[in-house]
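Trainee: Below are the sequence and a predicted model; questions follow.
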Amino acid sequence: MTGRQRSTDEQRDRVAIVGASMTEFGQRDGEWIMDLLAEAGIECLEDAGVNATAVDHLYVSNMTSGEFEGMTGVMNALVHDLGAMPAYTQRVDQTSSSGGAGIYAAWQSITSGASDMTLLVGGEKMTHKTTGESTDIIASIGHPVEYKHGVTLPSFAGLTARHYLEQFDVPRESLAKVAVKNHKNGVDNPNAQFQKEVDLETVLESPIIADPLRLYDFCPVTDGSAALLFCPESVAREYTDEYAVIAGVDGATDTHVVHERDDPTVMQGVVESGKGAYEMSGYGPDDIDVAELHDMFTILEFLQMEGLGIAEQGEAWKLVEDGYTERDGELPINTSGGLKSKGHPLGASGVAQGVEIYEQLVGEAGPRQVDADVGLCCNVGGFGNCVITTIMEAAQ
Amino acid sequence: MTMDATRYDDGSISYPGHPRGPGGAEPVETIDLSEYTAEIVTWTTSTATPPGVREPNHLAVLEFDVEGEPVRAIGQLTTGNVETGDEVRPVHIDELREPGAGIREPESQAWDGYRFKPA
């Protein structure tokens, strides 16, 4: 049966992921957004053994190809480059959570019956711009009262980190330990931008970017792409016995103006999307075996752990100190290296989180492999402005 | 020049104002925050600033007390020599950031506003 032969309602149960891929993340000189998207898309279809003509829907998660490269209409271009006509296509932009929003859109396309085979490709080309230009493009998501003061995403992180450290009497070193852990994990990810460990002293003595946060508290600017292939579980079984299933997915939105939130240390979008994903899946925080969190800044890993119920408010740092989130800990977090080490090509990051959880659940994570039946990814747009939480489980 | 916050019909106040407040509450009046002092909730000094922004850029989240109703704002500080809890007052600046140096269309927004100085 091809993707275009619709499965029946009786067969249409859960949404499966049957293929995954990601390009090398980093500085990809001479390669542009369409090169990166095509590379990940082709590799994903080959990973699943699915022909492009079977694709009903193709979503492209991308935030800023127009602003960075002057290239728009990337979804149409990718369908053509993959030979996937006449597949329906759409670009999904939800800033840094575009990848997670793409997972949500792909899940909706399958579960609604509109598609029997949906390819999601996320990607961004950024490194040809200076850091200042990249920071400004990303900061353009801000309200005019933020933008005119030169408020950037890194400065939100500095403001929030200071508040968190002061309010909960947290040692500065615990934030640095997030960076140390995620860099250590990234060493075993051949596609990570930084496959290099950093020690605590290096993090704590690196240049200040947004006081009290320093260079190694921040993710890098990155080029890269990642892809996932979705279909009904009944269709998945025709291709493979090794697949993952979307157990729960939800998205939520917080204020656009960040300072209007009641508590700067609570990301309500994380709380609400997590609650929705838990309810849909029937799982709770204690059931999660492995998680990918959006560590664009080290402080975000704490805020997501707390928003998702993995830790009480103000106490996530204790779990990091205790080794709970290490690869051999009770709940490994960011086994891929996270955005911190793997890199953060905006539209690709949420998809790449899904790639890591998929590989963990089907046993393809190589030296990063942990014992996992249920995994979670949390993809954050802006400074918690839009959030998607996805829970996957192994098919068997 | 004023620093207008908006009060809604549910009694809440926001800066900036929005066409509708929490839960769809309707705006009922504006309040000029430039006549008030504020307390620093948290602050940072950013050393990696985008085009057209001073470097370093001292920033703070501030809280005003408007007749018992807390109102928060974000803005530049005149100095990085501050502590959480310090009281600050607004000082008008003609150009907080160079219009046109960044990605945003210069005509799309105002570029003057208030920087905050220790009281």
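Mentor: Right, received. Where do you want to start? Residues are numbered from 1 along each chain as shown, chains lettered A, B, ... in the order given.

Trainee: residues from chain A in reach of chain B?
Mentor: By the rule C-beta under 8 Å from any C-beta of the partner chain, the part of chain A lying against chain B is A:67, A:131-133, A:135-137, A:139-140, A:143-152, A:154-155, A:158-160, A:162-163, A:166, A:207-213, A:257-260, A:264. No exception for glycine: its C-beta is placed from N, CA and C like everyone else's.

Trainee: Filter these down to the buried ones, PyMOL style.
Mentor: Those of those that count as buried under 16 or more other C-beta atoms under 10 Å in any protein chain shown are selected in PyMOL with:
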select buried, chain A and resi 67+132+133+135+136+137+139+143+145+146+147+148+149+150+151+152+154+155+158+159+160+162+163+208+209+210+211+212+213+257+258+259+260+264
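
Trainee: Any chance you could list what contacts stretch B:99-108?
Mentor: Stretch B:99-108 is contacted by residues A:67, A:136, A:137, A:139, A:140, A:144, A:147, B:50, B:51, B:52, B:53, B:111 when judged by C-beta atoms under 8 Å, 6 or more residues apart in numbering or on different chains.

Trainee: what's the farthest-apart pair in the residues you listed?
Mentor: A:67 and B:111 (20.3 Å; C-beta to C-beta).

Trainee: Filter the residues of chain A next to chain B down to just the ones in helices.
Mentor: If you go by DSSP state H, these have A:67, A:131-133, A:135-137, A:139, A:144-147, A:154-155, A:158-160, A:162-163, A:166 in helices.

Trainee: Moving along the chain from the host helix or strand of residue A:252, name the first helix or strand you hit.
Mentor: Residue A:252 belongs to strand A:244-253 when assigned by DSSP states H and E. Note on strand A:244-253: by DSSP H and E, the next helix or strand toward the C-terminus is helix A:268-281.

Trainee: What's the first helix or strand after that following helix?
Mentor: Counting by DSSP H and E, the next helix or strand C-terminal to helix A:268-281 is strand A:290-293.

Trainee: mind exporting that following strand as PDB, just the C-alpha atoms?
Mentor: Taking Å, rounded to 0.1, in the frame of the first residue of the first chain, the C-alpha atoms of strand A:290-293 are listed here in PDB:
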ATOM      1  CA  VAL A 290      15.100  10.100  28.600                       C
ATOM      2  CA  ALA A 291      14.400  13.800  27.700                       C
ATOM      3  CA  GLU A 292      15.700  16.400  25.300                       C
ATOM      4  CA  LEU A 293      15.200  19.900  26.700                       C
END
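
Trainee: Who are the packing partners of that strand?
Mentor: If you count contacts as 3 or more C-beta pairs under 8 Å, 6 or more residues apart in numbering or on different chains; DSSP states H and E, strand A:290-293 packs onto helix A:298-307, helix A:346-361, strand A:374-381.

Trainee: so who does residue A:223 touch?
Mentor: Residues near residue A:223 by C-beta under 8 Å, 6+ apart: A:25, A:26, A:27, A:28, A:31, A:36, A:124, A:125, A:126, A:127, A:345.

Trainee: how about low-confidence regions in chain B?
Mentor: In the prediction, chain B carries no residues with pLDDT under 70.

Trainee: Can you name the residues of it sitting close to chain A?
Mentor: Checking chain B against chain A by C-beta under 8 Å from any C-beta, the hits are B:14-16, B:41-54, B:57, B:59-61, B:72-76, B:80, B:84, B:96-97, B:102-104, B:108-111, B:113.

Trainee: List buried residues within those.
Mentor: Buried, going by 16+ other C-beta under 10 Å: B:14-16, B:41-53, B:57, B:59-61, B:72-76, B:96-97, B:102-104, B:111, B:113, out of the residues of chain B next to chain A.

Trainee: Now mean pLDDT, distance to residue B:31 and mean neighbour count too, for the helices and strands packed on strand A:290-293, in a markdown table please.
Mentor: Formatted as a markdown table, those follow (pLDDT from 0 to 100; distance: least, C-beta to C-beta, whole Å; neighbours: other C-beta atoms under 10 Å in any protein chain shown):
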| stretch | mean pLDDT | distance to residue B:31 | mean neighbour count |
| --- | --- | --- | --- |
| helix A:298-307 | 98 | 31 | 28 |
| helix A:346-361 | 98 | 37 | 30 |
| strand A:374-381 | 98 | 31 | 29 |
